[in-house]
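> Sharing a sequence plus its predicted fold:
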Amino acid sequence: MAAYANLGLPLDYGQGSAILKTEPSAVLPQLGAHPHLQASDWHSTDRQRERQEREARRKVLREARSPLMQLPVDHMFEIPGRPNVVLQIKNYSAPNAAEGRQRARSDIPFLFKAFETGQAPPPRPGTKKAEVPRAATIHEYLDWTVTASEAEDPDELDFGGFRVVVLLPRFRPQWPPPPPPDCPAADYAHEAPLKHGGLIGAPKPPVPILAAHQKPICAATIRMGPGFMEVPFYATQESRRNKGHGRALLEAIEDICRALNIPRILLCSTDDARTKATWQRLGFSFTATQDLQRFGVTHHDLLHMDNTVQMVKEVPPRTPWRSLMLRHGDLKQRLYYLPASHVQPYQVPGGAANGTAAAARGVAKKPSKPAKKRPRKR
């Protein structure tokens, strides 16, 4: 993680250039931000009506995002069934976009690396290329998203209202030691009251108190809309992948949706077979234009990027977690478990080494190759 912490980016990274906040694939004219507009149509009646409709829609979206903005920032939430991580909501728009962008690239560098690798960076401020009108790059999309940059003109893309949710490794203090077993009332004597009535995260106060060490290991950007939660960027640290952290963060986002009465999650997935299959296993399905219209989502409500597809998942009902208190030496911790009626049977993964899953699909098991013998040195 330390290898990606210092990217050497100045505070004015992405500023000072003749940039236009539109889709990266749009061919931008010299006139302005609208990619399909001719000079004669700039002040037409239809054009003015379109700008008024878009501005009216922006007001509706700002009102719909206010409940997410009221959630506590930098407060730690416990995730039931995930005793090794804690949830935090980050606001990188304060104190200003420049410092927030620098802080985000230091805290969650893996989120930027996952999408910026192999992509051309924006020109440096002050160069000739920076003065030419151009489309925004994925680097600037990420900067505007994590800092929740508001649109200054109805023709620009709106990045306002975003929050970053992260998972951090949990630290368990083992001092002072727990009270003796013959005094169970002492286990609940100093519990801190839960914020938001336990709607987000665990339903009971955490034992021991929530603490984190190191930096985030999984992050996603979320934005609330009328009847949906938008998730355009989602990434896990490379050394922490395939350990359930992405699923844990998704469960936390679903908890946030239930607390805010949001029925569905709209995810922007990379148009890659492996990535799409992963999201399908987590309950997402592909959406069409008719589906978005049925949800009441317009084209300008979501971020659109090249080589991506929109997926949707209906938020499931709250899981009936039950708790117990674990004692072991100097450690005392509240854990959560599911009743037997809600435990799902284990499914063998598709790439099982013993070929059981392949045989169930009717695929022949590949024979193993004999190991090569290394010659002995004389």
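Good, I have the coordinates. Remember, predicted model here, so these are calculated numbers, not experimental data.
> what about the helices in the stretch 51-200 of the chain?
For the stretch 51-200 of the chain, the helices defined by DSSP state H, counting those that start in this stretch occupy 97-107, 109-116, 128-131, 138-146.
> List the buried residues for the shortest one?
Under the neighbour-count criterion of 16 or more other C-beta atoms under 10 Å, helix 128-131 has Ala130 buried. Glycine gets a C-beta too; all of them are placed from N, C-alpha and C.
> Identify, out of the helices of the stretch 51-200 of the chain, the most deeply packed stretch.
Of the helices of the stretch 51-200 of the chain, the one with the most neighbours on average (mean count of other C-beta atoms under 10 Å) is helix 138-146, at a mean of 23.
> mind exporting it as CSV, just the C-alpha atoms?
Below are the C-alpha coordinates for helix 138-146, written out as CSV (Å, rounded to 0.1, in the frame of the first residue of the first chain):
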residue,chain,number,x,y,z
ILE,A,138,-10.9,9.5,-16.3
HIS,A,139,-8.3,11.1,-13.9
GLU,A,140,-10.4,14.2,-13.7
TYR,A,141,-13.7,12.2,-13.5
LEU,A,142,-12.3,10.6,-10.3
ASP,A,143,-11.1,13.9,-8.9
TRP,A,144,-14.5,15.6,-9.5
THR,A,145,-16.3,12.6,-8.1
VAL,A,146,-14.5,12.2,-4.8
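> So what angle separates the directions of that helix and helix 97-107?
Using axes from the mean of the first three to the mean of the last three C-alpha atoms, to 10 degrees, the interaxial angle of helix 138-146 with respect to helix 97-107 works out to 100 degrees.
> can you give me the helices in the stretch 201-350 of the chain?
Assignment of helices within the stretch 201-350 of the chain using DSSP H, counting those that start in this stretch yields the ranges 245-259, 273-281, 289-295.
> wait, which of those helices is closest to Pro123?
Nearest to Pro123 among the helices of the stretch 201-350 of the chain is helix 273-281 (29.5 Å), distances taken as C-beta to C-beta.
> Flag the shaky bits of the stretch 51-200 of the chain, pLDDT-wise.
Across the stretch 51-200 of the chain, residues meeting the criterion (pLDDT under 70) sit at 174-198.
> quick one, strands of it?
Remark: strands of the stretch 51-200 of the chain, listed N- to C-terminal, are 76-78, 85-90, 134-135, 162-169; assignment by DSSP state E, counting those that start in this stretch.
> Ok, which of these comes nearest Arg65?
Distances from Arg65 to each of the strands of the stretch 51-200 of the chain were compared using C-beta to C-beta; the shortest belongs to strand 162-169, at 8.9 Å.
> Pull out the CA atoms of that closest one and give them to me as PDB.
Taking Å, rounded to 0.1, in the frame of the first residue of the first chain, the C-alpha atoms of strand 162-169 are listed here in PDB:
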ATOM      1  CA  PHE A 162     -21.000  12.300  -3.800                       C
ATOM      2  CA  ARG A 163     -19.600  10.600  -0.600                       C
ATOM      3  CA  VAL A 164     -16.900   8.000  -0.300                       C
ATOM      4  CA  VAL A 165     -17.500   4.900   1.800                       C
ATOM      5  CA  VAL A 166     -14.400   2.900   2.900                       C
ATOM      6  CA  LEU A 167     -13.600  -0.200   4.900                       C
ATOM      7  CA  LEU A 168     -10.700   0.000   7.400                       C
ATOM      8  CA  PRO A 169      -9.000  -2.900   9.300                       C
END
